[in-house]
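*Asks:* How does the following fold in three dimensions:
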Amino acid sequence: MLKCPNCGADIAFNPATQTYICDYCSSEFTQDQLNEAQLSGDIKAEEQQMYEEKPETDQTASDDPYMSVIVYTCPQCGGELFTTEETAATFCSYCGSSVLLERRVSKELKPEFIIPFQITKEQAADIYYNKMKKSIFAPSYMRHMDIEKIRGIYMPYWTYTVFGNSNVDTTIKETTPAVGGMVVSEYKLSANINMMGDGIEYDSASTFPDDLSRSIAPYEFAKASDFTASYMSGFYADAGDVSEEEYKKDAAEVMKVLAAEKAADAMGVSAGELLGDITDPAVEGQRAMYPVWFVAAKNNAKKKVSYAVVNGQTGKIAADIPVDNKKLLIGMLAIAVPLFAILYFLITPTPMITAICVLILSIVGGAFAISNMAGRNKVANTKGSGSTIVIGIIGLLGGIGLFFISHEFYFIVVSVIGIVLLIIGIVKSAKGVRYEKVEGKYTFPLILSIAAVVICIIALIWNPVNDLYYYICIIAAGICGGCSYWSMFSIHNKGTLRKLPQLGKRGGDGA
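*Replies:* Prediction:
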């Protein structure tokens with residue numbers, strides 16, 4: 001435990017002032033002042049009854065690559081956190097259980113760098129509560145989280161330095177008008193690309209869900225400091241269990257793309273023409289600790305947990321926010337009933353108008369499913385699929401506009417083309433999706449939305465004389481659309497309500 005040079009009481013790092021403050025005498029110290037006090041002997045080593053070593057704050061000046069820590073283990077899920085000081089750990093940040101964590105003394109490798117907390121606990125709580133206020137359908141147990149359940153944790157990261165040189169060659173063509181035709185000139189361009197960059201970051205803890213760590217990135221590596229354990233005073237840390245090799249190829253690819261884009265701008269070509277010629281750069285990884293405010297909201301009824309994390313440097317937040325079905329139903333009724341009353345008393349809705357309204361809602365539902373499918377999953381090799389889907393949706397909306405101005409033939413042609421493009425885009429997107437370990441996929445609600453769109457368009461093209469057939473199509477499309485929306489919210493909840501982790505079983509994200 002770090003001690004006050006003036007009175008000997010405990011001191012802790014304060015993110016708001018970036019100094020160390022004594023809880024007893026209110027003395028305030030900078031990192032340089034503490035270092036001077038250590039060198040002059042004003043800070044004495046505290047005797048630890050459980051092991052005979054100097055406190056970690058005295059060890060940081062040594063060449064020992066390891067630091068002495070106290071490891072706290074959750075008896076419910078096996079999650080582990082460590083700290084350099086004595087504390088009473090009474091809840092688990094990973095499974096949300098209110099239990100007394102088991103403790104033991106251990107050694108952990110020191111990281112090379114650390115970014116100190118700059119967001120205070122109170123600021124993190126405000127950020128979290130503001131997020132929940134905007135999430136009107138969030139369950140009550142998340143909207144009224146106890147601030148004491150918000151815990152500051154230094155999460156382990158690999159930060160990569162990438163460097164290398166590569167020669168690239170490409171050809172450009174220039175066409176100029178001339179007497180009797182056009183003149184095509186061909187030029188060969190060569191360039192030497194120097195690649196150098198650092199701070200390319202990837203979290204190295206399997207306990208930290210990758211979708212959340214990506215969502216609160218990036219950190220400002222330029223503000224990182226050489227590691228000193230005193231920054232951990234008052235906070236916890238997690239030990240990394242992902243090897244340096246895991247993300248080396250990813251870091252190299254990031255640098256290659258950046259280099260290709262910069263060279264392409266200078267050469268007047270596209271980055272894709274150069275990317276294949278750039279050789280893999282050298283990559284070196286270094287350990288770092290980055291600050292995260294962590295919230296685990298436990299759903300006792302379903303025995304699942306939702307996470308919310310706040311970047312302890314920038315304040316950026318990411319959260320698993322499930323939808324409360326009761327609140328959702330009340331909200332839908334609150335919108336539907338007044339809307340129905342307005343349409344009923346102010347407009348005489350014909351079967352055709354009703355079919356078009358259902359069609360538009362079905363298109364919106366399909367777009368929502370597509371965005372969620374892409375957003376909650378790691379997408380690769382889907383070049384062109386997004387633009388194809390957008391063109392398909394625009395085609396359908398354009399078809400509706402043509403229908404209103406009585407161009408039935410063009411309505412049929414544009415609508416059919418829109419549906420075909422929409423399906424092609426969805427198939428291309430689905431082929432490139434690598435689903436992460438979340439329950440449920442958005443394929444089924446997407447199919448239901450497409451079915452509703454097709455039914456509505458068939459009804460509009462058919463234009464039956466008997467309104468009964470119109471209403472049968474509308475009811476069928478409405479059932480498909482309603483089931484699609486409900487299925488999407490159900491799948492969303494399955495993705496945000498994670499199974500209680502069994503973190504003693506390491507070996508992968510969320511294992």
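*Asks:* residue ranges of the strands in the stretch 51-200 of the chain, please?
*Replies:* For the stretch 51-200 of the chain, the strands defined by DSSP state E, counting those that start in this stretch occupy 66-73, 80-83, 102-109, 113-114, 151-178, 181-203.
*Asks:* Who does the longest one pair with, and is each partner parallel or antiparallel?
*Replies:* So that's strand 151-178. strand 181-203 (antiparallel), strand 236-237 (parallel), strand 282-299 (antiparallel) (DSSP bridges).
*Asks:* Run through the protein and note the low-pLDDT ranges.
*Replies:* Low-confidence regions of the chain, defined here as pLDDT under 70, cover residues 1, 38-63, 85-89, 145, 148, 299-303, 343-344, 347-443, 445-446, 498-511.
*Asks:* biggest helix in it by residues?
*Replies:* Looking only at the chain and at elements set by DSSP state H, the helix with the highest residue count is helix 467-496.
*Asks:* okay, the angle between that one and strand 282-299?
*Replies:* Following axes from the mean of the first three to the mean of the last three Cα atoms, to 10 degrees, one obtains 110 degrees for the angle between helix 467-496 and strand 282-299.
*Asks:* I'd like to know which elements helix 467-496 is packed against.
*Replies:* In terms of contacts (3 or more Cβ pairs under 8 Å, 6 or more residues apart in numbering; DSSP states H and E), helix 467-496 is packed against helix 351-375, helix 443-462. For every residue, glycine as well, the C-beta is placed using N, CA and C.
*Asks:* Tell me what the closest residue to P177 other than its chain neighbours is bridged to.
*Replies:* Here the nearest residue to P177 in space, its sequence neighbours aside, is V183; by Cβ to Cβ, 6 or more residues apart in numbering that works out to 7.7 Å. Following DSSP bridges, V183 is listed with bridge partners T176.
*Asks:* you'd agree V183 is up against T176?
*Replies:* Yes: between V183 and T176 there is a contact under Cβ atoms under 8 Å: 5.1 Å.
*Asks:* These two: which has the busier surroundings?
*Replies:* Counting neighbours by other Cβ atoms under 10 Å for V183 and for T176 shows that V183 has the greater number, 11 against 8.
*Asks:* Check the gap between that one and T175 for me.
*Replies:* V183 sits 7 Å away from T175, taking Cβ to Cβ, to the nearest Å as the criterion.
*Asks:* now I317
*Replies:* For I317, the distance to T175 equals 51 Å [Cβ to Cβ].
*Asks:* which one of those two has more residues nearby?
*Replies:* Per other Cβ under 10 Å, whichever of I317 and T175 has more neighbours is I317, with 19 against 9.
*Asks:* Is it correct that the more buried one is in contact with V310?
*Replies:* Yes: with contacts defined as Cβ under 8 Å, I317 counts as touching V310 at a distance of 4.9 Å.
*Asks:* tell me, what's touching the two both at once?
*Replies:* When contacts are counted by Cβ atoms under 8 Å, 6 or more residues apart in numbering, I317 and V310 are jointly contacted by I127, Y128, I216.
*Asks:* So which of these are in helices?
*Replies:* Using DSSP H, the members of the shared contacts of I317 and V310 that fall within helices are I127, Y128.
*Asks:* for the shared contacts of I317 and V310, which one is nearest L109?
*Replies:* I216 (24.1 Å; Cβ to Cβ).
*Asks:* Leaving aside the residues adjacent along the chain, what's closest to that closest one?
*Replies:* Once chain neighbours are set aside, the closest to I216 by Cβ to Cβ, 6+ apart is N311, at 4.2 Å.
*Asks:* The one you found bridge partners, please.
*Replies:* V292.
*Asks:* What is the burial count for it?
*Replies:* Neighbour count of N311, defined by other Cβ under 10 Å: 25.
*Asks:* same deal with the one 10 residues further on?
*Replies:* Number of residues near I321 (other Cβ under 10 Å) recorded here: 21.
*Asks:* residues in contact with it?
*Replies:* I321 makes contact with K131, M132, S135, A138, M142, S306, A308, T496 under the criterion Cβ under 8 Å, 6+ apart.
*Asks:* can you check S97 too?
*Replies:* Contacts of S97 were listed using Cβ under 8 Å, 6+ apart, and they are C74, Q76, C77, F91, K298.
*Asks:* now do 10 Å
*Replies:* By Cβ atoms under 10 Å, 6 or more residues apart in numbering, the contact list for S97 reads C74, P75, Q76, C77, G79, T90, F91, A296, K298, N300, V305, L500.
*Asks:* Please pick the buried ones from those.
*Replies:* Among those, the ones that count as buried by 16 or more other Cβ atoms under 10 Å are C74, Q76, C77, G79, F91, A296, K298, V305, L500.
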